[in-house]
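A.B. asks: what follows is a predicted structure for the sequence shown.
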Amino acid sequence: MLKEGTLSLKQPKTFFAKWKPVYVRLTSGVILIFPASSSSAPEATFPLDLAMRVDVSDARRFAFQVISADTELLFDAADDAERDQWVDQLNACIVILKSMVRTDRLSEVGMRSEEHTSE
């Protein structure tokens, strides 16, 4: 586990912006969202390999958003320092995951090239 803590999460698809406290755990590849720190099963998961970026948001004072092609998670931290830690850690995870995907693709291309030259 890379980071965990209580954040507020904006409820999607609500007429008025509703925020609810959630307990968030960041693993090396997934954001796990729990109703409380004592919960044993997450109510939602978000694979970070789908994320394009994490940005500070002006939705609330200490807000940040995790953005993918079709989803936006909007969180609010307790203060600037906590928000910045989450943003930095999430962006670091995304960079690592993207570099792993690129390395895997390059390896596959290299293996295909070797197959063609050995035939």
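C.D. replies: Yep, it's here.

A.B. asks: CA only for contacts and neighbour counts going forward, please
C.D. replies: Will do.

A.B. asks: double-check that Glu82 belongs to a helix.
C.D. replies: Yes - judged by DSSP: H, G, I helix; E, B strand; the rest coil, Glu82 forms part of a helix.

A.B. asks: what are the ranges of the helices in this structure?
C.D. replies: 80-118 (DSSP state H).

A.B. asks: lowest-scoring secondary structure element of it by mean pLDDT?
C.D. replies: Ranked by mean pLDDT, DSSP states H and E, the weakest helix or strand in the chain is helix 80-118, scoring a mean of 75.

A.B. asks: and the closest residue to Ala51 other than its chain neighbours, what does it touch?
C.D. replies: In space, and not counting its chain neighbours, Ala51 is closest to Ser68: 4.3 Å by CA to CA, 6 or more residues apart in numbering. Contact analysis of Ser68 by CA atoms under 8 Å, 6 or more residues apart in numbering lists 50-53.

A.B. asks: for PyMOL, write the select line for the buried members of the residues you listed.
C.D. replies: Under the burial definition 16 or more other CA atoms under 10 Å, those of these that qualify are selected in PyMOL by:
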select buried, resi 50+51+53
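
A.B. asks: from the contacts of Ser68, pick the one nearest Asn91.
C.D. replies: Nearest to Asn91 among these: Arg53, at 6.6 Å, using CA to CA.

A.B. asks: bridged to that closest one, which residues?
C.D. replies: Under DSSP bridges, the beta-bridge partners of Arg53 are Ile67.

A.B. asks: pull the contacting residues for the spatially most central residue of the chain.
C.D. replies: Centroid-nearest residue in the chain: Leu48, 4.5 Å away (criterion: CA atoms, centre = their mean). Taking CA under 8 Å, 6+ apart, we find Leu48 in contact with 29-31, 93-94, 97.
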